[in-house]
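A.B. asks: here is a sequence together with a model predicted from it:
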Amino acid sequence: MFAAASLAEALTVVAKAFEAQSGHRVTLTFAGSSALARQIEYGAPADVFVSANTGWVAHLNDRGVLDLSLQQTLYGNDLALIVPVGSEGAASDWTEVDLLSLVAEGRLAMALVDAVPAGIYGRQTLEKSGVWQALAPQVAQVDNVRVALSLVALGEAAAGLVYATDARAEDRVRIGAMVPRALHDPIVYPAAVVAGQDRPEVRAFMKFWGSGPARTAFDTLGFRVLEDAE
């Protein structure tokens, strides 16, 4: 399974539960959705792709790489502004955040803003908030959202835009403010089977993906469970 970096904790739990139930072994590879999609496009041996946005699933589907008959979009996330633990200056409400003052002469850590979903959502947020042009020179763009998280945790960036679940996974950062969902596209995780990999064990995993134990794992780790998803 090739999956977005932000799913590391949740998918590890789900994979172990599936292995215990089915006897099948799950191999997990985590990275930015854009990097994984390109690897799959060029023939990397993946059975299932879980992206952090719909765009990279559409990219692969347009190239005939996915079997969308088994696609499921069951989980979502939120975006958060994070700062190092102990730092001051971040308000608890997004409308009260002064990003220019918060970042000051430092850096704002984000995933790649033109390719990685977390970065795309982050750029949308800054554009709709009217500060993208002013902050763009100070954005530290990195390969995936977990690297952005690490920059803030290590104190190498004054702040960062990451998923809320990433912030929960790192005790050296705190959430300064949650980003209103209206400022970016919906954050969802579509899962699709790679074309030609429709084997019984893959089908079994996709069924487990939407099961009660999987939904509980995602909910416990702070993801949104999309009850109305097909």
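C.D. replies: Yes, it's here. Just so you know, these numbers come straight off a predicted model, no measurement behind them. Residues are numbered from 1 along each chain as shown.

A.B. asks: helix or strand for Ala177, which one?
C.D. replies: In the assignment (DSSP states H and E), Ala177 maps to strand 173-178.

A.B. asks: likewise Ala192?
C.D. replies: Assigned by DSSP H and E, Ala192 belongs to strand 188-194.

A.B. asks: same check on Gln72?
C.D. replies: Gln72 belongs to strand 66-76 when elements are defined using DSSP H and E.

A.B. asks: residues touching the residue lying closest to Leu11 once chain neighbours are set aside, list them.
C.D. replies: Leaving aside its chain neighbours, Leu11 sits nearest to Ala3 (5.4 Å; criterion: C-beta to C-beta, 6 or more residues apart in numbering). Any C-beta I mention is one placed from the backbone N, CA and C, and that applies to glycine too. By C-beta atoms under 8 Å, 6 or more residues apart in numbering, the contact list for Ala3 reads Leu11, Leu28, Thr29, Phe30, Leu36, Val48, Phe49, Val50.

A.B. asks: next SSE after the helix or strand hosting the fourth one?
C.D. replies: Using DSSP H and E, the secondary-structure element containing Phe30 is strand 29-31. Going down the chain from strand 29-31, the next helix or strand is helix 33-41, by DSSP H and E.

A.B. asks: counting contacts, what elements does the helix or strand just after that next one pack onto?
C.D. replies: Toward the C-terminal end, the helix or strand that comes next after helix 33-41 (DSSP H and E) is strand 48-50. Secondary-structure packing of strand 48-50 (3 or more C-beta pairs under 8 Å, 6 or more residues apart in numbering; DSSP states H and E): strand 2-4, helix 33-41, helix 54-62, strand 188-194, helix 200-209.

A.B. asks: tell me the pLDDT of Leu68.
C.D. replies: pLDDT, the model's per-residue confidence, is 83 for Leu68.

A.B. asks: what is the burial count for it?
C.D. replies: Other residues within reach of Leu68, judged by other C-beta atoms under 10 Å, total 13.
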